[in-house]
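>>> Give the three-dimensional model of this entry:
(chains A and B, ligands or ions: 1)
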Amino acid sequence: MSRIKRTFEQLKLDGRKGFIPFISAGDPDLETTAEIVVLLAELGADIIELGVPFSDPIADGPVIQASSQRSLDAGTTLGNILKMTAELKNRTDVPIVLFSYFNPLLNYGIERLVSDAAASGIDGILITDVIDDEASAISDTLAKNNIDLISLIAPTTTDTRLEQITQRANGFIYAISRAGITGARAESSSEAENLVSRIRRFTDLPIAVGFGISKREHIENVWRYADAAVVGSAIVTQIEKEKERAALLERIRAFTTSLLPKK
Amino acid sequence: MKHEPDEKGYWGDYGGRFVPETLVAPLDELTKAYFECRNDTEFRTDLSGFLQTIANRPSPLYFAERLTKELGGAKIYLKREDLNHTGAHKINNCIGQILLALKMGKTRIIAETGAGQHGVATATVCARFGLKCVVYMGTEDMRRQELNVFRMRLLGAEVRGVDSGSRTLKDAINEALRDWVTNVSDTFYLLGSALGPHPYPLMVRDFQSVIGRETRSQILAAEGRLPDILIACVGGGSNAIGLFHEFLQDDEVSMIGAEAGGRGEQLGEHAARFKPGAKAGVLHGTKSYLLQDSEGQIALTHSVSAGLDYASVGPEHAFLYDGGRVKYTSISDEEALSAFQLLSSIEGIIPALESSHAVAQAVKTAPQMSSDKLMVVNLSGRGDKDVAAVAEELGSDLGGTRLQ
Ligand SMILES: Cc1ncc(COP(=O)(O)O)c(C=O)c1O
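The predicted structure follows:
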């Protein structure tokens, strides 16, 4: 059983919902990223999404674009990210999902990625710009090494596609709360709840909701109807605000604590 | 050789659809609408009517007599896309796509632009048909193509400067895609070259193929036979595929696509995607040859011409390159600048800097051919937009007319 699956089963047994923070790997540098991962796990993250930086992140808003660029400026590579996650295995057992655009993975080589990622303790991979047959092929390759290809579903996804996507989906479903790019929003979306109930008609896989979730009320709301909430830009914004590592970790601790609904 | 992509939009290994899930439904909607129109008599009648009345088609096939004499080889004809309304081939595609947008009931048009020619052509058709228009343009390109920025604004378009990355075409496409993914229901993305996710490369090619169809009948009328060689510049690849497509089955017609060789061989100094050692990758929804670093990050590019300054190339060109049907060469900034001056002074035609790359290739190739051979060069646009930039490149003060 994959660690992602186990995580969601445990959540269910405990009667809890999941918290999935996203950060760009290598912003401001990979050593700090490792510290942030350990901290977020300690603060209650159930899964952590690590963004692989890309020069042309078309699905991202300004906050993650800037974060991705800082990471690239710091010289982050996919190889170094995997080295970091391999070292993290001794420090935390929080499941890790890589969140990437296709080209850096394609360039690395999918076969090579699958074996290196498996050896580095990666539990899932989410590729923003791969769909359909190409996604199925990658999913099959990943599954051989017990890595889940996480599928995205958008409010614009038709029922026909929902059926196809859920048939090959593994781990959990990532439901995009609204059509658009990543970034904090003031309002939480009512579209998301409809989308989640549509998805439930096709699969028993756990469903995480992301894009625009930035406040405690948003998380509470998502937890009413879905299995987990993904928070990205709101946390990445905190990273942008602090240069010095200890102060940055303190800031993330304070912010995350204020974000999470009381148990 | 097969010239239609498969139903997923692949030519061999190239093309396809690599997009965020949110864009799949609008792309399916677009594909369905396009295939309904593609062979629909009424749509085609409307299209050719507007190509005539708005764009001023057919464009002439012009015998470049003095250039031919100067180069002393093949007989050179210029396909005068520069004489289209708005001054480039871009309008052909814009008329096609806006008719489709109207059919689909879309009310807001977005576009990217590099040189500004596609932005101007989009703003023009939006003005003509009364649709709201937003054009994304890299701020570096806005600086290089000031005149076109002003033209777009005059035409009622909102020009949004894009300050990320290299601040050129690639970044403008990123931003247009972000807009589209956010506003899928009312917005039509009027993409300006034969690239992007399926069905764009096919659709843009179809709309630009009017160039080749006219060329065929014009050269047959003038010379009674097909040309021996076709030359076009290749940015995203729309003017080139528009000319080439009609002749792909004619084995006796050879073809050269001229890419931007920029100012050097190193990554970042040019936009020649087919240089030896080139590699395929995925950018902007399609798989094709792609200038990238060792980590798969998209490389910065350079060209004196904004319209060729792009890291990838339309997927059908990638397929034609692999198969050897079309030969791709690169032309340096310097060669393009001298061709710009040569054509201006010898034929009285100021070519766009993009098209100057095709002219520069003709300067190299024509003398190696005998005088009974026929060459057609696609003059994709006129150079008025480039005059100030060329003056700067040549260190001229615009003839001393600038205020001191
Ligand atoms: C006059 C002209 N020619 C050529 C191009 C290059 O585009 P494509 O390769 O799609 O024809 C442009 C692009 O802006 C242009 O303005």
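
>>> Let me see the confidence value for the residue in chain B that chain A sits nearest to.
Using CB to the nearest CB, the closest approach of chain B to chain A is made by residue B:296 at 2.8 Å. For every residue, glycine as well, the C-beta is placed using N, CA and C. Looking at residue B:296, its pLDDT reads 98.

>>> which SS class is the spatially closest residue to it that is not a sequence neighbour?
Leaving aside its sequence neighbours, residue B:296 sits nearest to residue A:107 (CB to CB, 6 or more residues apart in numbering or on different chains; 2.8 Å). Under DSSP: H, G, I helix; E, B strand; the rest coil, residue A:107 falls in the helix class.

>>> same deal with residue A:49?
strand.

>>> Neighbours of the closest residue to it other than its chain neighbours, how many?
Closest residue in space to residue A:49, ignoring its immediate chain neighbours: residue A:22 at 4.1 Å, by CB to CB, 6+ apart. Neighbourhood size, residue A:22 [other CB atoms under 10 Å in any protein chain shown]: 23.

>>> residue boundaries of the strands in chain B?
B:10-11, B:14-15, B:61-63, B:75-80, B:108-113, B:132-138, B:158-162, B:187-189, B:229-233, B:254-262, B:279-283, B:286-290, B:327-332, B:374-379 (DSSP state E).

>>> helices or strands next to the second one in the packing?
Strand B:14-15 is packed against strand B:286-290, helix B:315-323, with contacts defined by 3 or more CB pairs under 8 Å, 6 or more residues apart in numbering or on different chains; DSSP states H and E.

>>> For the ones you listed, give me TSV that also has mean neighbour count.
Output for these, formatted as TSV (neighbours: other CB atoms under 10 Å in any protein chain shown):
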stretch	mean neighbour count
strand B:286-290	26
helix B:315-323	24
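
>>> ok so, going back, would you confirm that the residue nearest to residue A:49 belongs to a strand?
Yes - counting by three-state DSSP, residue A:22 is part of a strand.

>>> Look up how far residue B:234 lies from it.
39 Å (CB to CB, to the nearest Å).

>>> next one: residue B:55
22 Å.

>>> give me the low-pLDDT residue ranges for the stretch 251-400 of chain B?
B:397-400 (pLDDT under 70).

>>> Run a quick neighbour tally on residue 162.
All of this refers to chain A. Residue A:162: 20 neighbours (other CB under 10 Å).

>>> look at chain B instead
25.

>>> go on, residue B:146?
Neighbours of residue B:146 (other CB under 10 Å): 14.

>>> And for residue B:349?
Residue B:349: 20 neighbours (other CB under 10 Å).

>>> ok, now residue A:164?
Residue A:164 has 18 nearby residues by other CB under 10 Å.

>>> Please list the residues of chain B that sit near the ligand.
B:88, B:114-115, B:117-118, B:193, B:233-240, B:307-308, B:352, B:354-355, B:380-381 (CB under 6 Å from any ligand atom).

>>> mind listing which of those are in helices?
Here DSSP state H is the test, and the residues of chain B next to the ligand give B:117, B:118, B:238, B:239, B:240, B:354, B:355 as lying in helices.

>>> Please convert those to JSON lines, extending it with neighbour count.
Compiled in JSON lines, those are given as follows (neighbours: other CB under 10 Å):
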{"residue": "B:117", "neighbour count": "27"}
{"residue": "B:118", "neighbour count": "32"}
{"residue": "B:238", "neighbour count": "28"}
{"residue": "B:239", "neighbour count": "33"}
{"residue": "B:240", "neighbour count": "36"}
{"residue": "B:354", "neighbour count": "32"}
{"residue": "B:355", "neighbour count": "35"}
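
>>> Dump those into TSV; add distance to residue B:219 as well.
Putting these into TSV (distance: CB to CB, whole Å) gives the following:
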residue	distance to residue B:219
B:117	25
B:118	27
B:238	21
B:239	17
B:240	17
B:354	23
B:355	19
